[in-house]
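>>> For reference, the sequence and a predicted model appear below.
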Amino acid sequence: MTVRTPLRRRMALYGLALLCCASAVAAGPATVAGAAPAPAPAAAAAVVFNDDFNGPAGSGVDGSKWQLETGDNVNNHERQYYTSGTNNAALDGAGNLVIQARRENPNNYQCWYGRCEYTSARLNTAGKFSAQYGRVESRIKIPRGQGIWPAFWMLGNGGGGWPAQGEIDVMENVGFEPSTVHGTLHGPGYSGAEGIGAGYTLPGGQQFADAFHTFAIDWAPDSITWSVDGNVYQRRTPADLGGDSWVFNKSFFMILNLAVGGYWPGDPNGSTVLPQYMVIDYVRVTTGDTGTPGTGRAIRGLGGKCVDVAAASSANGTPVQLYDCNGSAAQQWTVGSDGTIRALGKCLDVKDGSVADGAQLQIWDCTGANNQKWATPAALDVVNIQANKCLDVPAANSANGTRLQIYTCNGSAAQKWTVNAS
């Protein structure tokens, strides 16, 4: 259904055999798919790539980080012509990159079907930045409408062309599914419509175009985990490929694009409003400096015991307690570059957003709120940003099952923690 081949006209600087934008996805559930869930964010991280898209309104992207491709794409039957310059990709002056899809053809661009009907933009980091493992994330407000196809994705360096080189779709959306995004792997034997992936659907009929959302992968050797706003929805390993080759233990570069039309989304129709805008707040890549990216480690405190999710339940509101260290998933925590501390795909959360001494801790869907943000200074305190209070063991009681809380920082042993302990 969906085939990748190089853009027919691209800027001369970009000599690699680039392929089409995103892809159709083999059927996958909207809940966690593949292997057992792993924590979403990487371990305490070093930022190796960051673009916050700060700059004057109307200016272009940082040329040391990005380059723009030009041309059409026949094999996906996309309708747009990707342009250079700032007509379709420019900063908005408020810390965002805006990719615009327009119904226009100011320069008589020619597409596979004749005179092009639409323009848009596609950017990549090939030859400028590549990553191998870590957390790859972007905060994006996607566009909407029939035939609109935004994507944030990656292609492997080398490897004999697509699909042998490998492709990781961090996020793509087709306009007829306004509440669902997809994450997919493509490689030899599992490409196009046979890609290995799953979808994530917002609850309650919410639509992705209504607000910004954070799309991420946590990538380690032989493992890739997808999340939306910190909520893990699939993890893939070589065991999911049915004996086909895992081609993701090498470096990849990143791509942002907004396609119009194509086999998977279908073409725009009378309901499609143009222009449409893909608004990117940031793109960031972090690599773990404690442990393997994409994995968690213990937080060890009073009496040598560990921060633990009761009964290893990932349900919202599950208490967080002190318990004998046992290496289970309920004690595997990751400290994200966004200030969250996560286990079982959920965030360490102060119940009801309270800032009072004694407010209890639980796990909850990651919301980006400050009651889920923590600082981990060298003094071994774990400090809640909203309350400016410390992770604390009530009454310094080291018994198994003691429910943890926040409390005014006092330097006691009940508030000292070794984060990412072995």
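Noted; the coordinates are in hand.
>>> mind listing what S313 touches?
Contact analysis of S313 by CB atoms under 8 Å, 6 or more residues apart in numbering lists L344. To be clear about C-beta, it is placed using only N, CA and C from the backbone, and glycine gets the same treatment.
>>> How much space separates it from A359?
To A359, S313 is 20 Å away according to CB to CB, to the nearest Å.
>>> Q405 now?
For Q405, the distance to A359 - CB to CB - is 6 Å.
>>> average model confidence for stretch 149-165?
Per-residue pLDDT values over stretch 149-165 give a mean of 93.
>>> hang on, I meant stretch 414-422
Mean per-residue pLDDT for stretch 414-422: 80.
>>> ditto for stretch 306-316
Mean pLDDT, computed over stretch 306-316, is 92.
>>> How far off centre is that stretch?
Chain-centre distance of stretch 306-316: 24 Å, with CA atoms, centre = their mean, to the nearest Å.
>>> Would you agree V170 falls within a strand?
Yes: remark: V170 belongs to a strand, assigned using DSSP: H, G, I helix; E, B strand; the rest coil.
>>> Enumerate every residue touching the nearest residue to it once chain neighbours are set aside.
Sequence neighbours aside, F152 is the residue nearest to V170 in space, at 4.7 Å (criterion: CB to CB, 6 or more residues apart in numbering). With contact taken as CB under 8 Å, 6+ apart, F152 is in contact with 138, 140, 169-172, 215, 254-256, 283.
>>> likewise R115?
R115 sits next to 105, 108-109 when contact means CB under 8 Å, 6+ apart.
>>> any idea how this protein splits into domains?
What automatic domain parsing lists as the domains of the chain is 33-288, 298-421.
>>> Quick check: which of those is buried the most?
Counting by mean count of other CB atoms under 10 Å, domain 33-288 has the highest mean neighbour count of the domains of the chain, with a mean of 20.
>>> Okay, now the unreliable bits of the stretch 51-200 of the chain?
The stretch 51-200 of the chain contains no residues with pLDDT under 70.
>>> where along it do the strands fall?
For the stretch 51-200 of the chain, the strands defined by DSSP state E, counting those that start in this stretch cover 67-68, 80-82, 89-91, 97-101, 110-111, 114-115, 118-120, 122-124, 134-141, 148-156, 167-172, 180-186, 196-201.
>>> got the end-to-end distance for stretch 55-65?
End-to-end distance of stretch 55-65: 14 Å, with CA to CA, to the nearest Å as the criterion.
>>> er, stretch 73-84 I mean
Terminal residues of stretch 73-84 lie 16 Å apart, using CA to CA.
>>> again with stretch 246-256
This stretch, stretch 246-256, spans 24 Å end to end (CA to CA).
>>> got a list of what F212 touches?
139-141, 279, 281.
>>> From V170, how far out is it?
Note on F212: its distance to V170, by CB to CB, is 15 Å.
>>> One more: A312?
With distances taken as CB to CB, A312 is found 28 Å from V170.
>>> Can you classify F253 as helix, strand or coil?
Following three-state DSSP, F253 is assigned to strand.
>>> That one contacts W153, doesn't it?
No: if you go by CB atoms under 8 Å, F253 and W153 don't touch, sitting 10.0 Å apart.
>>> picking up where we left off before, which one of the strands of the stretch 51-200 of the chain lies closest to N400?
N400 lies closest to strand 134-141 among those, at 32.3 Å (CB to CB).
>>> What is the closest one packed up against?
Judged by 3 or more CB pairs under 8 Å, 6 or more residues apart in numbering; DSSP states H and E, strand 134-141 is in contact with strand 45-51, strand 148-156, strand 167-172, strand 213-220, strand 276-288.
>>> On the C-terminal side of the last one, identify the next helix or strand.
It stands for strand 276-288. Using DSSP states H and E, the helix or strand that follows strand 276-288 in sequence is strand 298-300.
>>> what's that following strand in contact with?
For strand 298-300, contacts defined as CB under 8 Å, 6+ apart pick out 306-307, 325, 327, 331-333, 341, 382, 417-422.
>>> Inside helices: which ones of the residues you listed?
Applying DSSP state H to the contacts of strand 298-300, no entry is found in helices.
>>> between those, which is nearest I196?
For the contacts of strand 298-300, the nearest to I196 is Q332 (24.4 Å; CB to CB).
>>> so how far is T70 from that closest one?
Distance, Q332 to T70, using CB to CB: 45 Å.
>>> Kindly report the same for V419.
V419 sits 47 Å away from T70, going by CB to CB.
>>> State the distance from the nearest residue to A94 once chain neighbours are set aside to A101.
The shortest distance from A94 to any non-neighbouring residue, by CB to CB, 6+ apart, is to A57 (7.8 Å). Per CB to CB, A57 is found 19 Å from A101.
>>> Also L68?
Counting by CB to CB - L68 and A101 are separated by 14 Å.
>>> Likewise for C116?
Going from C116 to A101 by CB to CB gives 12 Å.
>>> any shared contact partners between the two?
With contacts defined as CB under 8 Å, 6+ apart, the residues shared by C116 and A101 are Q80.
>>> got the contact list for the nearest residue to N50 once chain neighbours are set aside?
Distances taken as CB to CB, 6+ apart put R284 closest to N50, at 4.9 Å, once the chain neighbours are dropped. By CB under 8 Å, 6+ apart, the contact list for R284 reads 47, 49-51, 135-138, 337.
>>> which one of those residues is nearest V181?
Relative to V181, the closest of these is S138; by CB to CB it sits at 11.9 Å.
>>> Surely that closest one and F215 touch.
Yes: the pair S138 / F215 is scored as a contact, 5.8 Å apart, by CB under 8 Å.
>>> Quickly list what's touching both of these two.
Contact with both S138 and F215 is made by residues 152, 170-171, according to CB under 8 Å, 6+ apart.
>>> Return the set of residues that bridge with the residue nearest to V170.
On the basis of DSSP bridges, F152 is bridged to M171, L256.
>>> ok, now how distant is it from T201?
For F152, the distance to T201 equals 18 Å [CB to CB].
>>> Pull the contacting residues for the nearest residue to D92 once chain neighbours are set aside.
Once flanking residues are discounted, D92 sits nearest to V98: 5.0 Å by CB to CB, 6+ apart. Counting by CB under 8 Å, 6+ apart, V98 touches 89-92, 277-280.
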